[in-house]
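Enquirer: one predicted model, sequence on top.
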Amino acid sequence: MADPRGFMKHRERQDRPSRPIPVRIMDFNEVYERNERGIVATQASRCMDCGIAFCHTGCPLGNLIPEWNDLIWRDQWEEASSRLHMTNNFPEFTGRICPAPCETSCVLGINQPAVTIKQSEVSIADEAIARGYVEPVLPQRLTGKTVAVVGSGPAGMAAAQQLTRAGHTVAVYERDDRLGGLLRYGIPDFKMEKHHVEFRIDQMRAEGTRFYTSTEIGADITWDALEASYDAVILATGAMVPRDLGINGRELDGVHFAMEYLVQSNKATSGDQVEGQIRADGKHVVVLGGGDTGADCIGTAHRHGAASVTTLAIGKELPSERSDHEPWPMDPRVFELTSADEEGGERSYLASTVEFLSDDAGRVRALKVAETQYNPDGSRSPKPGSEREIPADLVLLALGFTGAESDTLTEQLSMDFDRRGNINRAEDYQTSVEGVFAVGDAGRGASLVVWAIAEGRAAAAKVDEYLEGATRLPAPVKPS
Ligand code: FAD
C-alpha cells in the first residue's frame, strides 16, 4: 500500500494542469499538460488500497489501480507500467479521454474528492513511453490461424493486438485513409493528439499485425469473400449511423451532422487540404445535443473563431439526452471537467428545436425553438406558444447514433441486428454467422473507448478459444 496515512495528509485533489483558455483555443494541441512526478506521487498516495477495491469493478478493464498507485508512490515506474499494461493495451488513450468510471467508484470519494486515478494512468503511460519501457511484444509461437479485423478503432486495435500476440496472423482492414477509428477522425487533437495512435500502430506493426487502409469491406472486398479467406473475422466497425432531426429546414445549407464537421476538422488538423471545409469562423454556431460529440463541436468551433456557440438540449440536463443503454456521462462531474465547456458558449436546456429558418439564399439563418414540455405519458414535446428564434449560420446535429451500418452486412452475410440497430452477438461475441464476431460500438451501440478496449480484449479471448480450443487471454467483460 502507498503511504497508509496519505489520504489523511493530502485531502486536496490536484488534477493535471490545463493550458490557459485564451492560449489553448488558438491551436488544436492537447489542453492538459503533464503534472510534476512529485505531485502525481503525492496524489497517488491518497489511494487507501481498500480491502474491496471498487475502482477495479468501476473500470471495465479491471485495472489494478491500488497496485499502480502504490508503485508510483514508490517511484517504480517500470513496474507500474507492466501492471498497467497487464489490463489495458492503450492506457495513454484512456488516461486522456476516459470519463473515469473508476473515479466515480473510488471509496475515498465518499467524503473527500476521489483519487486522481486518471492522472495516475496517463502519467504511467506517458512516462513508460518516454523512458522506452513500452516495446513490441512478439508472439512466442505462431498458430498458423488467420484473423481479419474490420475497423481500426480502439476495439479493433485491442482485439488485433491481443490475437497477434497470441500467435495468430492478423490483418486489420480500415476504409478510412488513416487508422484509429473515432480516435483519429472523431475525437479532436485538443483531447488527444494523434501521435498517441501512431505510436501504438507502430508497435502493432512491429509485433506483426498487418494494416490495410482505404479498403472498405462490403465494397472493395465483399464480406463473404473476407469470411471465406480467414479462419475468423471480427467486426469492429463502430456505430456510425447518426440520429437525424426530420423537421422543416433540415435540408438548408449550413445544417450538418456533427461528424461531418469533426471529420473534416480532424483531417485539416492532420495537414490535409479539405476542399469546402465546414468552418465556424465568425459564425453563430448552434450545437444540438450534448455529450462528447457536442462538446467536441463546441471546442472545435471556438478554435475556428466562431462568433458565438450555443448548445441546445431537449432535456433538463445533458445526460437525459442519452438513451438508457448509453453508459456515459455517468456523473455530472464529467460535465464540469469537459474542457470545451470551460472555454465558453451558452447552454440552453429544455429547448426543443421546431424548425430551421432560411434566408433568401437557402442558407440557415435561425432556429425556431420552443420550451420542452413533459407529457403525462412521459413523452416530451414543444410547448405551444413558447417559441423563440435563435440566430444561427451553422447548425451541428450531435444527437447520438442509432447503431451500426447494416446494408452490406445484411445483403452479403445475412447478419442479424437487434432492435437498437446493433449487431446481435452471443455470450462469446459470435454473431449469427459462425466464425464472425462483433466488438465495440458495433455490438454495444455508441459507448466509450474504455469499453471498446475491454470488449476488444474479451472478444480476442473468445476468438482464440474458437480457433485453438482453449485460451490464456483475459476476458474482462461480457457483451451487453
Ligand atoms: P470506432 O472507433 O467507431 O471505429 C470503427 C472503424 O471501423 C472506423 O474507423 C470505420 O471507418 C471502420 N469501418 C466501418 N465500417 C467499415 C468497413 N465496412 N470496412 C472497413 N472499415 C470499416 N469515448 C470516450 O471514452 N471518451 C471521449 O472523450 C469520447 N469522445 C467521443 C467524441 C466523438 C465525437 C464521438 C463520436 C465518440 C466519442 N467517444 C468517446 C466514443 C468512442 O470514440 C467510441 O466508443 C469508440 O471509438 C468505439 O470504438 P470502436 O472501435 O468500436 O469503433
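Expert: Perfect, thanks for sending it. Since this is a predicted model, take the numbers as computed values, not measurements.
Enquirer: from here on, just use CA atoms for contacts and neighbour counts.
Expert: Noted.
Enquirer: distance-wise, check residue 393 relative to the ligand.
Expert: As for residue 393, its distance to the ligand is 21 Å (criterion: C-alpha to the nearest ligand atom, to the nearest Å).
Enquirer: my guess is that residue meets residue 285, correct?
Expert: Yes: using C-alpha atoms under 8 Å, residue 393 is in contact with residue 285, at 6.2 Å.
Enquirer: more neighbours, these two?
Expert: Set residue 393 next to residue 285 and count neighbours by other C-alpha atoms under 10 Å: residue 285 wins out with 28 against 21.
Enquirer: can you tell me if the helix or strand that contains residue 467 touches the ligand.
Expert: Assigning secondary structure by DSSP states H and E places residue 467 in helix 449-468. Yes: Helix 449-468 reaches the ligand (C-alpha under 6 Å from any ligand atom) through 449, 450, 452.
Enquirer: which of those are buried?
Expert: The neighbour-count criterion (16 or more other C-alpha atoms under 10 Å) marks 449, 450, 452 among the residues of helix 449-468 next to the ligand as buried.
Enquirer: which of those residues sits closest to the ligand?
Expert: The ligand lies nearest to residue 449 out of those, by C-alpha to the nearest ligand atom, at 3.9 Å.
Enquirer: enumerate the residues of this structure near the ligand.
Expert: Counting by C-alpha under 6 Å from any ligand atom, the chain comes close to the ligand at 97-98, 150-156, 173-176, 180-183, 186-187, 215-218, 236-239, 292-293, 296, 440-442, 446-450, 452.
Enquirer: so which of these sit within helices?
Expert: 97, 154-156, 182-183, 292-293, 296, 441-442, 449-450, 452 (DSSP state H).
Enquirer: how close does the most centrally placed residue in the chain sit to residue 94?
Expert: Nearest to the geometric centre of the chain sits residue 449, at 3.8 Å (C-alpha atoms, centre = their mean). Distance, residue 449 to residue 94, using C-alpha to C-alpha, to the nearest Å: 7 Å.
Enquirer: ditto for residue 435
Expert: Distance from residue 435 to residue 94, by C-alpha to C-alpha: 30 Å.
Enquirer: of the ones in helices among the residues of the chain next to the ligand, buried ones?
Expert: Neighbour counting with 16+ other C-alpha under 10 Å marks 97, 154-156, 182-183, 292-293, 296, 441-442, 449-450, 452 as buried within these.
Enquirer: using PDB, write down the CA coordinates of the helix or strand harbouring residue 286.
Expert: In this assignment (DSSP H and E), residue 286 forms part of strand 284-288. Taking Å, rounded to 0.1, in the frame of the first residue of the first chain, the C-alpha atoms of strand 284-288 are listed here in PDB:
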ATOM      1  CA  HIS A 284     -23.200  31.900 -34.900                       C
ATOM      2  CA  VAL A 285     -22.900  28.200 -34.200                       C
ATOM      3  CA  VAL A 286     -25.700  26.100 -32.600                       C
ATOM      4  CA  VAL A 287     -25.000  22.600 -31.500                       C
ATOM      5  CA  LEU A 288     -28.000  20.300 -31.000                       C
END
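Enquirer: let's have the chain start at 12 instead
Expert: Understood, numbering begins at 12; the last thing we discussed is strand 295-299.
Enquirer: quick check: mean pLDDT across the lengthiest strand in the chain?
Expert: Of all the elements of type strand in the chain, the one with the most residues (DSSP state E) is strand 375-385. Averaged across strand 375-385, the pLDDT comes to 93.
Enquirer: now do the buried residues in that strand.
Expert: So, applying 16+ other C-alpha under 10 Å, buried residues of strand 375-385: 375, 376, 377, 378, 379, 380, 381, 382, 383, 384.
Enquirer: that older thread, so residue 446 and residue 105 - more neighbours on which side?
Expert: For residue 446 versus residue 105, neighbours defined as other C-alpha under 10 Å are more numerous around residue 105 (21 against 18).
Enquirer: pretty sure the more buried one contacts residue 461?
Expert: Yes: taking contacts as C-alpha under 8 Å, residue 105 lies within contact range of residue 461: 6.2 Å.
Enquirer: so which helix or strand of the chain has the lowest pLDDT on average?
Expert: helix 344-348 (a mean of 40; mean pLDDT, DSSP states H and E).
Enquirer: give me the next element, helix or strand, following that helix.
Expert: Sequence-wise, the next helix or strand downstream of helix 344-348 (DSSP H and E) is helix 350-353.
Enquirer: could you find the closest non-adjacent residue to residue 380?
Expert: Excluding its sequence neighbours, the residue lying closest to residue 380 (C-alpha to C-alpha, 6 or more residues apart in numbering) is residue 364, at 4.4 Å.
Enquirer: from the chain's centroid, how far away is the one helix or strand that neighbour maps to?
Expert: Using DSSP H and E, residue 364 maps to strand 362-369. Here strand 362-369 is found 29 Å from its chain centre; the criterion is C-alpha atoms, centre = their mean, to the nearest Å.
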